[in-house]
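A.B. asks: coordinates for the following, if possible.
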Amino acid sequence: MKTLKGSIIILTLIIAVTVVAGLFVYPKNFGARHLPWRLGLDLVGGSTLVYEVDLQGIPADEQDGAVSGLKEVVERRINIFGVAEPKVSIAKKSDGYQLLVDLAGVKDLQDAVRQIGETPVLDFREVVTENGETAYRQTELTGRFISSAVLGFDNLNNPMVVLNFNEEGAKLFEDITARNVGRPLAIFLDGESVSEPVVQQKISGGSAQITGGVVGSSIEEARLLVERFNAGALSAPIKLINQRTVSASAAGDALRNVITAGIIGTVLVMLFMIIYYRTLGLFSAAALLIYTLLSLALFKLIPNFTLTLAGIAGFVLSIGMAVDANILIFERTKEEIKAGKGKTEATEEGFKRAWSSIRDSNISTIITAIILYFFTSSFVKGFALTLGLGVLVSMFSAIFVTRTMLRVFERS
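C.D. replies: Below is the predicted model:
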């Protein structure tokens with residue numbers, strides 16, 4: 001009796017959590033107000049931009065860090081535009097790196113492309129004389145070491161930009177000025193020298209100034225440059241080499257089709273379980289419904305998780321796999337009943353003996369999902385994540401939820 005009372009309490013909690021999860025995942029009212037779904041561009045429309053990264057002049061051992069810095073800068077730039085759920089990823093090619101930028105739901109694509117391309121590329125270069133001609137030697141100090149930029153004014157009240165470097169950048173700037181005392185130090189912006197002040201002494205503190213025509217003659221132009229530096233100055237140039245656009249109407253059709261397919265597939269699986277296993281199938285169908293709602297709520301709670309067509313495909317696949325455990329349990333239960341055991345005892349024995357097979361098969365799927373997530377592109381990662389998490393939740397629903405329902409209704 002004590003066990004039955006505990007099972008009833010647990011089942012009540014499961015149902016309550018499932019109801020809340022259902023309200024949470026519903027795309028309108030309660031769910032939309034508190035945390036709307038984050039959908040990929042293949043579900044809401046948008047564009048994918050492919051940028052080629054020019055790493056000439058950057059040492060090989062620093063290129064990984066430079067590309068990671070570029071990714072962060074582009075993400076900050078896109079966030080300023082107000083683009084919904086931007087996604088920037090790095091693709092390493094045999095001949096270099098590419099940045100893949102997904103702009104879901106973007107309304108003014110050309111403006112976004114223009115603004116990303118206008119992010120300033122800043123670097124400091126030493127001025128040297130080679131064979132009687134002036135040359136510029138690249139240094140390690142680039143825009144990726146900038147911590148902030150502020151608007152200032154010189155003695156003639158002309159606008160200027162004051163750059164402040166982070167700790168690593170301040171040390172680099174101090175070393176560069178120390179070895180160039182009495183010589184000019186060139187500041188390059190977008191590949192052009194904009195200022196070549198003569199270093200009077202070693203400069204500590206990590207601060208530099210940009211003056212002259214590049215800043216602009218008006219405060220508005222100088223302020224725009226400051227905003228771009230604060231958004232992030234690129235440590236290497238990027239070039240747009242490809243663009244793929246998905247219309248909002250086509251994405252909407254794809255979303256409706258995949259939702260319809262998922263609902264039909266789930267209902268067919270539930271009908272199969274009910275027709276073939278009768279009463280046991282009813283419990284399995286109820287557990288599958290609970291599994292679906294809990295899984296969707298989990299996906300929605302994951303920070304920065306964006307649902308794509310590939311992710312939905314992984315989830316729909318996990319729905320079909322979710323009943324595998326129940327099938328193993330029910331078949332084992334039928335064998336125990338044929339062996340002469342009572343219904344309650346046979347059910348408990350069915351869960352106990354089927355567990356090892358369920359555990360091994362699901363662990364192998366989870367391992368595959370982990371490998372796909374960490375060693376493939378972003379398109380496959382969504383599939384791997386929803387599949388792996390779906391399998392984990394399915395183990396909970398099959399072993400814990402179904403078992404609890406059977407304990408309550410078979411003994412009550």
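A.B. asks: next, the buried residues of the helix or strand that Phe383 is a member of.
C.D. replies: Using DSSP states H and E, Phe383 sits in helix 378-396. Under the neighbour-count criterion of 16 or more other Cβ atoms under 10 Å, helix 378-396 has 378-379, 381-396 buried. Placement of C-beta: from N, CA and C, glycine included.
A.B. asks: before we move on, what about stretch 170-186?
C.D. replies: Ala170, Leu172, Phe173, Ile176, Thr177, Asn180, Pro184, Leu185, Ala186.
A.B. asks: the last one pairs with what?
C.D. replies: Residues in a beta bridge with Ala186, per DSSP bridges, are Arg125.
A.B. asks: for it, report the pLDDT, please.
C.D. replies: Looking at Ala186, its pLDDT is 85.
A.B. asks: next up, the contacts around it.
C.D. replies: Ala186 is in contact with Phe124, Arg125, Glu126, Val127, Tyr136, Ser193, Ser195, Glu196, counting by Cβ atoms under 8 Å, 6 or more residues apart in numbering.
A.B. asks: again, only this time at 10 Å
C.D. replies: Ala186 makes contacts with 123-127, 134, 136-137, 139, 192-197, as judged by Cβ atoms under 10 Å, 6 or more residues apart in numbering.
A.B. asks: now it: how far from Gly205?
C.D. replies: For Ala186, the distance to Gly205 equals 20 Å [Cβ to Cβ, to the nearest Å].
A.B. asks: just put the buried residues of stretch 170-186 in JSON lines and tack on secondary structure.
C.D. replies: Converted to JSON lines, those look like this (DSSP: H, G, I helix; E, B strand; the rest coil):
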{"residue": "Ala170", "secondary structure": "helix"}
{"residue": "Leu172", "secondary structure": "helix"}
{"residue": "Phe173", "secondary structure": "helix"}
{"residue": "Ile176", "secondary structure": "helix"}
{"residue": "Thr177", "secondary structure": "helix"}
{"residue": "Asn180", "secondary structure": "coil"}
{"residue": "Pro184", "secondary structure": "strand"}
{"residue": "Leu185", "secondary structure": "strand"}
{"residue": "Ala186", "secondary structure": "strand"}
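A.B. asks: if we only consider these, which is nearest to Val25?
C.D. replies: Ala170 (48.3 Å; Cβ to Cβ).
A.B. asks: next one: phi and psi at the residue lying closest to that closest one once chain neighbours are set aside?
C.D. replies: Spatial nearest neighbour of Ala170, excluding adjacent residues (Cβ to Cβ, 6 or more residues apart in numbering): Gly206 at 2.6 Å. For Gly206, the backbone dihedrals (degrees, to the nearest 10) come out as phi 70, psi 50.
A.B. asks: tell me who's in contact with Gly206.
C.D. replies: Gly206 sits in contact with 145-147, 163-174, where contact means Cβ under 10 Å, 6+ apart.
A.B. asks: Phe283 too?
C.D. replies: Going by Cβ under 10 Å, 6+ apart, Phe283 touches 273-274, 277, 326, 330, 401-406, 408-410.
A.B. asks: just name the lowest-scoring one in those residues, pLDDT-wise.
C.D. replies: Glu410 (69).
A.B. asks: wait, what's in contact with Val19?
C.D. replies: Leu293.
A.B. asks: strands along this protein, start to end?
C.D. replies: When assigned using DSSP state E, the strands of the chain occupy the ranges 46-53, 87-93, 96-104, 122-130, 133-142, 146-153, 159-165, 185-189, 192-195, 207-210, 238-246.
A.B. asks: ok, the first one: who's next to it in the sheet?
C.D. replies: Applying DSSP bridges, strand 46-53 is found paired with strand 96-104 (antiparallel), strand 238-246 (antiparallel).
A.B. asks: also the second one?
C.D. replies: According to DSSP bridges, the neighbouring strands of strand 87-93, each with its direction, are strand 96-104 (antiparallel).
A.B. asks: run the chain-centre distance for the partner strand.
C.D. replies: Mean-position distance between strand 96-104 and its chain equals 13 Å (Cα atoms, centre = their mean, to the nearest Å).
A.B. asks: same question, stretch 196-203
C.D. replies: In terms of Cα atoms, centre = their mean, the centre of stretch 196-203 is set 43 Å apart from its chain centre.
A.B. asks: try stretch 296-305
C.D. replies: 11 Å.
A.B. asks: who's in contact with it?
C.D. replies: By Cβ under 10 Å, 6+ apart, stretch 296-305 touches 17-18, 20-26, 31, 34-38, 85, 87, 306-307, 311-312, 315, 382, 385-386, 389-390, 392-393.
A.B. asks: domain boundaries for this structure, per the record?
C.D. replies: As assigned by automatic domain parsing, the chain contains the domains 2-41+247-411, 46-243.
A.B. asks: flag whichever of these has the least confidence on average.
C.D. replies: domain 46-243 (a mean of 76).
A.B. asks: check contacts around the residue of the chain most remote from its centre.
C.D. replies: In the chain, the residue that sits farthest from the middle, by Cα atoms, centre = their mean, is Gly340; the gap is 53.8 Å. The contact partners of Gly340, by Cβ under 10 Å, 6+ apart, come to Ala346.
A.B. asks: separation between it and Ala297?
C.D. replies: Gly340 is 43 Å from Ala297, by Cβ to Cβ.
A.B. asks: same check on Thr3?
C.D. replies: Thr3 is 29 Å from Ala297, by Cβ to Cβ.
A.B. asks: picking up where we left off before, need the winner for burial among the strands paired with strand 46-53.
C.D. replies: Of all the strands paired with strand 46-53, strand 96-104 has the most neighbours on average by mean count of other Cβ atoms under 10 Å, namely a mean of 22.
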